[in-house]
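>>> Sequence plus predicted model, see below.
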Number of protein chains: 2
Amino acid sequence: MVYAVSWSLLGLTAVAVALEVVYRFLTRRRPVREVLFFPAPLVCTEPLLSPGTWCSCPLPHDLDGALPQLMRRLLGARRSLELCVFTFSSAPLARAVLLLHGRGVRVRVITDSDYMAASGSQIGALRKAGVEVRHSQSSGFMHHKFSVVDKSIVLTGSMNWTMQAIQTNRENLLITDDGICVRAYVEEFERLWEEYDPASYSFFPEEAERGP
Amino acid sequence: MVYAVSWSLLGLTAVAVALEVVYRFLTRRRPVREVLFFPAPLVCTEPLLSPGTWCSCPLPHDLDGALPQLMRRLLGARRSLELCVFTFSSAPLARAVLLLHGRGVRVRVITDSDYMAASGSQIGALRKAGVEVRHSQSSGFMHHKFSVVDKSIVLTGSMNWTMQAIQTNRENLLITDDGICVRAYVEEFERLWEEYDPASYSFFPEEAERGP
């Protein structure tokens, strides 16, 4: 009798475990693994930037391409966007960033000190709108091109945020929510954010390193 | 009696499933998820390139840094290395590629037509050694910086294969064996490899597109 009850208990446990496995399988969050390739055809991204409005411009309004997909990922931010990009001159991407800033998402930008002043750079417009921006001050380029959405999705690859990169170059952008990767990029961002704090600027860093 | 036997069978099945789960857990392959950040300190990578030899150069021989880690990943290739890189002037990385080529690993390189001729480029040396190289021929940069090891691990990020990138710039390199990502990069490589086939060179591509 005790023997039969033991097996029955084991059987019931098996059923419970199986139900739990099936439940977890059905309710699992699908991991984010995407790769976008550029160049992408020039399209009107107005429907993403001004939802509900109608745009009569002559550009195609197909929103399946790589640029709209990238913008959707960025515009999905609810709390924070960390952006670490060598050169930033794309007007649609700047509008997306400003839209997030306007919605109260905390946007922080790290960029390269030389290239932030290049022709067409959007960094000035972002600063003017109140977006927090810090820039490199050491020799060598701040050559990263990554962003982190809500500290849970990282986007990284070869692509600078320029129209040439989007429309003309061969570029890639890997998008993942893998925890190990996201943590690594968040930590790198925070490290650089502290390092490039204007409060600790040294205008002659090499001199400072050598001492007086 | 039949009832007891049913529960017993269910119990036995549960034990078998549990054993299978434990076995799979213990023998599972750990997924590759790494992020390397640069600049990395200059170190002697001779022990990786000439295993078993002793190097007396004055450089540090610490092989824990980002460059040795990158080189170990590349040198782990047994069958193939696809390399798609905008600019390639790093001598240690060129030696790693030549070592793989010498071992019989099929190495294929895609690069940018303008930058392959830049000062210090290693592309000529690779070609001379018999490595298959193709280059862009359209306007816009072939700006990718990714590689695929044995069609199972992809390395992508902001880093060109130059000493400036490795030693001076802020750069990142994400390394993953995620199947979705690897497939996407392999397909992009094959697409470009076909597109840049010298047999289909058009020296005036814009003219060709317009027709005679």
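Right, received. Where do you want to start?

>>> Relative to residue B:169, how far out is residue A:200?
21 Å (CB to CB, to the nearest Å). For glycine as for every other residue, the C-beta is placed from the backbone atoms N, C-alpha and C.

>>> Looking at those two, which one has more neighbours?
Neighbour totals were compared for residue A:200 and residue B:169, and residue B:169 leads with 23 against 9 (other CB atoms under 10 Å in any protein chain shown).

>>> Contact partners for residue A:89?
A:118-122, A:161-163 (CB atoms under 8 Å, 6 or more residues apart in numbering or on different chains).

>>> any idea of the pLDDT on it?
pLDDT for residue A:89: 97.

>>> excluding its backbone neighbours, what's nearest it?
Spatial nearest neighbour of residue A:89, excluding adjacent residues (CB to CB, 6 or more residues apart in numbering or on different chains): residue A:120 at 4.0 Å.

>>> Can you say which of the contacts of residue A:89 are buried?
A:121-122, A:161-163 (16 or more other CB atoms under 10 Å in any protein chain shown).

>>> how about these in JSON lines, adding distance to residue B:63, secondary structure and pLDDT?
Shown next, in JSON lines, are the buried ones among the contacts of residue A:89 (distance: CB to CB, whole Å; DSSP: H, G, I helix; E, B strand; the rest coil; pLDDT from 0 to 100):
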{"residue": "A:121", "distance to residue B:63": "40", "secondary structure": "coil", "pLDDT": "97"}
{"residue": "A:122", "distance to residue B:63": "41", "secondary structure": "coil", "pLDDT": "98"}
{"residue": "A:161", "distance to residue B:63": "35", "secondary structure": "strand", "pLDDT": "98"}
{"residue": "A:162", "distance to residue B:63": "37", "secondary structure": "coil", "pLDDT": "97"}
{"residue": "A:163", "distance to residue B:63": "42", "secondary structure": "helix", "pLDDT": "95"}
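
>>> can you put the residues you listed in a markdown table and add distance to residue B:95?
Putting these into a markdown table (distance: CB to CB, whole Å) gives the following:
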| residue | distance to residue B:95 |
| --- | --- |
| A:121 | 38 |
| A:122 | 40 |
| A:161 | 34 |
| A:162 | 33 |
| A:163 | 38 |
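
>>> Mind picking the one among these that's closest to residue A:173?
The closest of those to residue A:173 turns out to be residue A:161 (CB to CB; 10.5 Å).

>>> so who does that closest one touch?
Per CB under 8 Å, 6+ apart, neighbours of residue A:161: A:83, A:85, A:87-90, A:93, A:122, A:145.

>>> please redo it, this time with the cut-off set to 10 Å
Each residue near residue A:161 by CB atoms under 10 Å, 6 or more residues apart in numbering or on different chains is listed here: A:70, A:83, A:85-90, A:92-94, A:96-97, A:109, A:111, A:121-122, A:145, A:147.

>>> just residue A:110 next, same as before
If you count contacts by CB under 10 Å, 6+ apart, residue A:110 has them with A:82-86, A:132-136, A:142, A:144, A:146, A:188-189, A:192-193, A:195-196, B:170.

>>> That one: what secondary structure?
strand (DSSP: H, G, I helix; E, B strand; the rest coil).

>>> what's the distance between the one helix or strand residue A:125 maps to and the middle of its chain?
In the assignment (DSSP states H and E), residue A:125 maps to helix A:123-128. Mean-position distance between helix A:123-128 and its chain equals 19 Å (CA atoms, centre = their mean, to the nearest Å).

>>> What is it packed up against?
If contacts are counted by 3 or more CB pairs under 10 Å, 6 or more residues apart in numbering or on different chains; DSSP states H and E, helix A:123-128 sits against helix A:91-102, strand A:106-111, strand A:132-135.

>>> repeat that with 7 Å
helix A:91-102, strand A:132-135 (3 or more CB pairs under 7 Å, 6 or more residues apart in numbering or on different chains; DSSP states H and E).

>>> I would like the residues contacting it, please.
A:88, A:94, A:97-98, A:109, A:111, A:116, A:133 (CB atoms under 7 Å, 6 or more residues apart in numbering or on different chains).

>>> Pull out the buried positions in it.
Applying 16+ other CB under 10 Å to helix A:123-128 flags A:123, A:126 as buried.

>>> what's the average pLDDT for that helix?
Rounded mean pLDDT across helix A:123-128 is 98.

>>> Convert it to CSV, retaining C-alpha atoms only.
Output of helix A:123-128 as CSV, limited to C-alpha atoms (Å, rounded to 0.1, in the frame of the first residue of the first chain):
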residue,chain,number,x,y,z
ILE,A,123,25.0,67.0,-31.2
GLY,A,124,24.4,70.7,-30.9
ALA,A,125,20.7,70.4,-31.5
LEU,A,126,20.5,67.6,-28.9
ARG,A,127,22.3,69.7,-26.3
LYS,A,128,20.1,72.7,-27.1
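
>>> residues of stretch A:10-29 that come out buried?
A:10-11, A:14.

>>> from these, which are also near chain B?
Subset of the buried residues of stretch A:10-29 in contact with chain B: A:10-11, A:14, counting by CB under 7 Å from any CB of the partner chain.
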